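Peer 1: task: produce atomic coordinates for the following.
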Amino acid sequence: MEQTPSDTDLDLKHKDHYTLYVLLKDKTVFESALRKNGILWYSDFNNQVSIDGGIRYFLPEVAMHQIDRTIIENGIVASKETPLTTEYKDRKKTMKIYLTVAVAVLVLLLLMVLIEYLSH
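Peer 2: Residues are numbered from 1 along each chain as shown. All right, here's what the predicted structure looks like:
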C-alpha cells in the first residue's frame, strides 16, 4: 500500500508519536521501508537547521515494534533519544584514511630528506 509523502502527514506530530533520528545516508531506504509497510510518518527534513545529526522523523507509537524490526532488518542507523553525530563505522573509516595519508606524507618527507642528504 503506497503512502503519501512524508511532508503531507503533519497531523502525526499532534497525535501519539515518538521521534526518531535517521542518518541522511539511510533516508531513502528508511522511507521506502515505511511505505512498503504502510506506516505513516512526518519528516522535519525541510525545517531542520542542520541534518548532520540525522533527519527527525515523527512516527506513530503503535508502529514502534514494526519500525524497530524494519530498522534492524535493513541495517539503518537510527536513534530515539538524541540526534546521531556520525556512525561509528564511518568514523573508523575516516580515521583510517587520515592515518594512511599522514603516513604517506611522512614517508615522502623522509625520502626527500634522505635523497637530499645522500646527494651532498
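
Peer 1: every contact and neighbour count from this point should use C-alpha atoms.
Peer 2: Noted.

Peer 1: and Gly38, how many residues sit next to it?
Peer 2: 14 (other C-alpha atoms under 10 Å).

Peer 1: in a helix, it, correct?
Peer 2: No - using DSSP: H, G, I helix; E, B strand; the rest coil, the assignment for Gly38 is coil, not a helix.

Peer 1: name the single longest helix found in the protein.
Peer 2: For the chain, the helix with the greatest residue count under DSSP state H is helix 88-119.

Peer 1: and it, what does it pack against?
Peer 2: If you count contacts as 3 or more C-alpha pairs under 8 Å, 6 or more residues apart in numbering; DSSP states H and E, helix 88-119 packs onto no helix or strand.

Peer 1: ok, Asn17 to Glu116 distance?
Peer 2: You called it Asn, but residue 17 is His. The gap separating His17 from Glu116 is 68 Å, by C-alpha to C-alpha, to the nearest Å.

Peer 1: which one of those two has more residues nearby?
Peer 2: Each of His17 and Glu116 has its neighbours counted (other C-alpha under 10 Å); His17 has more, 17 against 10.

Peer 1: how about Val62, phi and psi?
Peer 2: Dihedral angles of Val62 (phi, psi; degrees, to the nearest 10) stand at phi -70, psi -20.
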